[in-house]
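K.L.:
Please work out how this folds:
(2 chains)
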Amino acid sequence: MKNIFILAFNDLAVAIKNKTIYLILFIPLFVFISLGLLDRTDGDVNKIKIGLIQGYAYAPEITRSVKAAEKLIEVTWVKNEEEGARLLKKHKIDGVLVKNEKTPGSLALLVLKKESFHAFAIVQSFSALQKAAEGNSPSWIADIKSLHEGGVQRQTLPTWILMLVLLVGFIILPAQVAEEKEKKLLLAFLQTPIREVQWLIAKLIMGMVLIIIAVAFLHLLGQFGPINLFGYIAFIAAGSYCFSAFGIFLGFLCRNQASARTLGVVFYLPHLLPSALSDVSQKLTVVAPFLPSYQLYRPLQSMLLEDGRIADMSFEWIYLVLVGSLLFYLSYVLMKKRWLM
Amino acid sequence: MQLEIRDLTKLYDHKRGLLPTSFDVIKGELIAVVGHNGAGKSTLLKMLANWILPDSGQVLIDGIDLRNRTAVVRKVGFIPEVPNLFDFFSVEYNLKLFAVLFQTPLLRVDEVLREFNMIPFRKNKVQVLSKGLKQRVNIGRALLADPPVLLFDEPTSGLDFEMTKEIYRLLISMHDAGKTILFTSHRPEEIKSLATRIMVLHEGRLVFDGPPQKYFQSEVHENLYA
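P.N.:
The predicted model follows:
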């Protein structure tokens, strides 16, 4: 029994030494913070931002009820449906009440995603307002239209692609770089005439190729393709460049593989979850743009689901390339200094 | 001079490492660098191999500054104590990979395999080889570019009697071929039978530098192994 305890304590010491223990502390902390940022499902915490079209003859009960519920609903008047859709894509509003072409006289709700918290909250709030104003008459919102095209498979595609990119960037590459450092293979390479930058570019290419193969395979299996192929490839290339450089940099911060894996997970989750969950949370929508992963996720989502064009997303593309270049340079500096080798 | 070392310094935490050290090496010398653990032997060799960057000082190899790494890599071969090879690849793959990086003809790989009696193991994965065989592959890899200076960090550490003799034979044959060799060692018999010059480091300082006869009669040797 004594030996078992000694071995268990030794395992714990190893876990502390190779930083695995950080995951045990980090994951609950991260989940706690993320859940804190997610909106509560009772819908009364944040105002619903609804777009109404100028010049459209909404029923007086609707405008009156919406005005009366100003603490619950914030109204933005838009010129037409197109402007409403543009504001929706920019997450400035949560939905637009438009004319329902299927049932004349009723309204349709235009949202980004049908299966989103926003759509649910708007329908629930309007249903409550209607009951208070009119009792049990037919629902004001007779239909829900989604800007995102395709079924659940297609709608979840940007999240899966983000997962693959981050998996290669934060899990595979740091471990590989750290392994080469740990086994002194990198130093063996530096005893040949290759230059530091050549080694770094080779690693970058490896990461980018892995990501591009994985993404292409996913598209092949799902038989989904973007409409604007050139723009999409440009974004996958920029994203894979940025996160491959990120992974190499993380590898340089670690002495061994175990530390690299831990550090990789520590970066993986915060980059994946806020971006992937930003559609269902107003607060995360505010926080997520600060993460490089969101600057990849939003354009992917836009190009795959909203027919977005690269010209409208040049800021995100430049951002990814700049972050990747900065991290590539930092890796070069660490390599020159033989950091933790 | 083949090697000119001037005030080479590297200090780690707790003041360990190598204090400012200067010496010259003539072509064809076989130098044993001895001293207790932590005396600075490996630090010295690793700095000469560009594995560790010095805090200060200068090293010239055939007149070329060591900081010009890509210019000196073909002049120095370093064989670390623990072989650093791609374990999951074959012996041949490991050698060919580095031959390509050294821009050496691939025929050189066959020469090295023959020279080190590794032909029967050429297709074996490195991970299945004994430490002695791995060390031979490591030496072979360092010789791919035929560097005139070779640095061995504890070349016989952890090897059995037969493999130790094999490494001695290799060291002597490389020395006979005109190579300049520096090796670290803890074994007096190894130093006595191989070295043409002995350097003793103690707490980061060079405390002895001379021929073996003088060393074995000196107090330094007695103090070192007292």
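
K.L.:
Tell me the buried residues in the biggest helix by length in chain B?
P.N.:
As assigned by DSSP state H, the longest helix anywhere in chain B is helix B:161-176. Within helix B:161-176, the residues scored as buried using 16 or more other C-beta atoms under 10 Å in any protein chain shown are B:163, B:164, B:166, B:167, B:168, B:170, B:171, B:174, B:175. For the C-beta atoms, the positions are set from N, CA and C on the backbone; glycine is no exception.

K.L.:
and for it, what are the contacting residues?
P.N.:
B:28, B:30, B:116, B:130-132, B:135-136, B:139, B:143, B:150, B:152, B:155-156, B:159, B:181, B:183, B:190, B:193-194 (C-beta atoms under 8 Å, 6 or more residues apart in numbering or on different chains).

K.L.:
out of the buried residues of helix B:161-176, who's nearest residue B:108?
P.N.:
Using C-beta to C-beta, residue B:174 comes nearest to residue B:108 of those, at 15.5 Å.

K.L.:
pLDDT score for that closest one?
P.N.:
pLDDT, residue B:174: 95.

K.L.:
How much space separates it from chain A?
P.N.:
Distance, residue B:174 to chain A, by C-beta to the nearest C-beta, to the nearest Å: 17 Å.

K.L.:
now swap in residue B:189 and tell me
P.N.:
29 Å.

K.L.:
Count residues in the vicinity of that residue, would you?
P.N.:
By the measure other C-beta atoms under 10 Å in any protein chain shown, the count of residues near residue B:189 is 10.

K.L.:
One more: residue B:78?
P.N.:
24.

K.L.:
thought it was touching residue B:44?
P.N.:
No. With contact defined as C-beta atoms under 8 Å, residue B:78 does not count as touching residue B:44 (11.6 Å).

K.L.:
that older thread, any idea how far the longest helix of chain B is from the chain center?
P.N.:
Relative to its chain's centre, helix B:161-176 lies at 13 Å (C-alpha atoms, centre = their mean, to the nearest Å).

K.L.:
Endpoints of stretch B:34-47, how far apart?
P.N.:
End-to-end distance for stretch B:34-47: 16 Å, by C-alpha to C-alpha, to the nearest Å.

K.L.:
Which residues does it contact?
P.N.:
With C-beta under 8 Å, 6+ apart, stretch B:34-47 has contacts from B:8, B:10, B:16-19, B:21, B:33, B:52-54, B:59, B:66, B:78, B:81, B:151-154, B:182, B:184-186, B:191, B:198-205, B:224.

K.L.:
and chain A, which of those contact it?
P.N.:
B:52, B:53, B:78 (C-beta under 8 Å from any C-beta of the partner chain).

K.L.:
Let me see the contact set for the second one.
P.N.:
Which is residue B:53. Counted by C-beta under 8 Å, 6+ apart, residue B:53 has contacts A:337, A:338, B:47.

K.L.:
let's see 6 Å
P.N.:
Contacts here follow C-beta atoms under 6 Å, 6 or more residues apart in numbering or on different chains; on that basis residue B:53 touches residue A:338.

K.L.:
does it count as helix, strand or coil?
P.N.:
With DSSP: H, G, I helix; E, B strand; the rest coil as the basis, residue B:53 sits in coil.

K.L.:
mind checking how far it is from residue A:325?
P.N.:
From residue B:53 across to residue A:325, the span is 25 Å (C-beta to C-beta, to the nearest Å).

K.L.:
my guess is residue A:204 contacts residue A:243, does it?
P.N.:
No. Assessed by C-beta atoms under 6 Å, residue A:204 is found out of contact with residue A:243, at 10.4 Å.

K.L.:
between the two, which one's more packed in?
P.N.:
A count of neighbours by other C-beta under 10 Å puts residue A:243 above the other of residue A:204 and residue A:243, at 31 against 20.

K.L.:
do you know how far the spatially most central residue of chain A is from residue B:33?
P.N.:
Note on chain A: the residue nearest the mean C-alpha position is residue A:275, at 2.1 Å, using C-alpha atoms, centre = their mean. Taking C-beta to C-beta as the measure, residue A:275 falls 55 Å from residue B:33.

K.L.:
what do you get for residue B:15?
P.N.:
For residue B:15 relative to residue B:33 (C-beta to C-beta), the value is 20 Å.

K.L.:
Repeat that for residue A:204.
P.N.:
39 Å.

K.L.:
from the buried residues of helix B:161-176, which is closest to residue A:114?
P.N.:
residue B:163 (71.0 Å).

K.L.:
Let me know the distance separating that closest one from residue B:173.
P.N.:
For residue B:163, the distance to residue B:173 - C-beta to C-beta - is 16 Å.

K.L.:
And for residue A:272?
P.N.:
Residue A:272 is 57 Å from residue B:173, by C-beta to C-beta.

K.L.:
Helices along the stretch 201-341 of chain A, start to end?
P.N.:
A:229-252, A:257-277, A:282-287, A:292-305, A:314-336 (DSSP state H, counting those that start in this stretch).
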